[in-house]
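[1] Need a 3D model of the sequence below.
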Amino acid sequence: MITPERAAWRPMQYGHRRAADIADPIVEPLWDGIRVLAHVGEGTVALVDEGGRDVTDRFAEVAAAMVPAIAADSAVLEGVLTTQATESGEGAKIVMVQAPTAGQMVGQMFMGKSGERALGGSGSSRSRARTSDVVAVVTVDLLEVDGTELLDIPLLERRRILESVVMEGDLVRRGVFVRPPISSYLISWPALGFTHMAYKAQNGTYRPGATADDWTIAQIPRR
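    Numbers count the residues shown, from 1 in each chain. Predicted structure coming up:
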């Protein structure tokens, strides 16, 4: 199901530029979980993490939920496997309530030594008493759909197409994003359990496995 060329794809890595230096960015809250590429096709889904490990069996329920949720014969999506999206009152709220408006539309990520951070781990800013053990996938990018690669398509357009391809459900979500100014979100996002945010150039392309000089991570200021 995964072609040899796409089997070598890995999530694009964040660079180290200042957020202020990212031209025309979109900004999204940084989800706590495992970054993966989801390869969808022929009625199956394969989930591959940043290290190239197939984690489909480990997250079989999420993979099964993605099959009917993807409105395409084939697709490759970047997503984050996270419990944060299924927590009552926190990550779930940002998915279900703070979805981008039509105007905003025209969406990992804390990595440990092993290449992933434990889902709902102790480093999270959220209360452990409120941590869910139900994993969902939050989709944040679309790299291929129905055999057409989208790597050279600007990010904002890829996110627009993703909106039409991913049908949300309990275990499959679309990540949200906003465009500056973001001052109001610097208050609401920490209240929902987020400590960091990602800046991505809205006109940027996708280079699997490469380090993006137009992507960066910034800490949400404490108030």
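[2] where do the strands sit along this structure?
    Assigned by DSSP state E, the chain shows strands spanning 13-14, 25-29, 34-41, 44-49, 74-82, 136-145, 148-149, 172-174, 196-201, 211-212, 215-219.
[3] I'd like to know which of those is closest to Ser164.
    The closest of those to Ser164 is strand 136-145. By CB to CB, the value is 9.3 Å. Just so you know, the C-beta spots here come from the backbone N, C-alpha and C atoms, and that holds for glycine as well.
[4] for that closest one, packing partners?
    strand 34-41, helix 60-69, strand 74-82, helix 155-165, strand 172-174 (3 or more CB pairs under 8 Å, 6 or more residues apart in numbering; DSSP states H and E).
[5] so which of those gets nearest Trp9?
    That would be strand 34-41 among these, by CB to CB, at 5.8 Å.
[6] a markdown table for the helices and strands packed on strand 136-145, including mean pLDDT?
    Listed next are those as a markdown table, based on pLDDT from 0 to 100:
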| stretch | mean pLDDT |
| --- | --- |
| strand 34-41 | 98 |
| helix 60-69 | 98 |
| strand 74-82 | 98 |
| helix 155-165 | 98 |
| strand 172-174 | 97 |
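[7] okay if I get these as TSV plus mean neighbour count and distance to Ala201?
    Shown next, in TSV, are the helices and strands packed on strand 136-145 (neighbours: other CB atoms under 10 Å; distance: least, CB to CB, whole Å):
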stretch	mean neighbour count	distance to Ala201
strand 34-41	24	19
helix 60-69	17	27
strand 74-82	25	16
helix 155-165	19	7
strand 172-174	24	20
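[8] Of these, give the one that comes closest to Arg18.
    Here helix 155-165 is closest among the helices and strands packed on strand 136-145 (CB to CB), at 18.9 Å.
[9] Show the contacting residues for Arg179.
    Pro25, Ile26, Val27, Gln104, Gln202 (CB atoms under 8 Å, 6 or more residues apart in numbering).
[10] before we move on, back to that, want to try a markdown table for the strands of the chain, with distance to Ala63 as columns?
    Shown next, in a markdown table, are those (distance: least, CB to CB, whole Å):
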| stretch | distance to Ala63 |
| --- | --- |
| strand 13-14 | 24 |
| strand 25-29 | 23 |
| strand 34-41 | 8 |
| strand 44-49 | 4 |
| strand 74-82 | 10 |
| strand 136-145 | 9 |
| strand 148-149 | 22 |
| strand 172-174 | 10 |
| strand 196-201 | 25 |
| strand 211-212 | 27 |
| strand 215-219 | 26 |
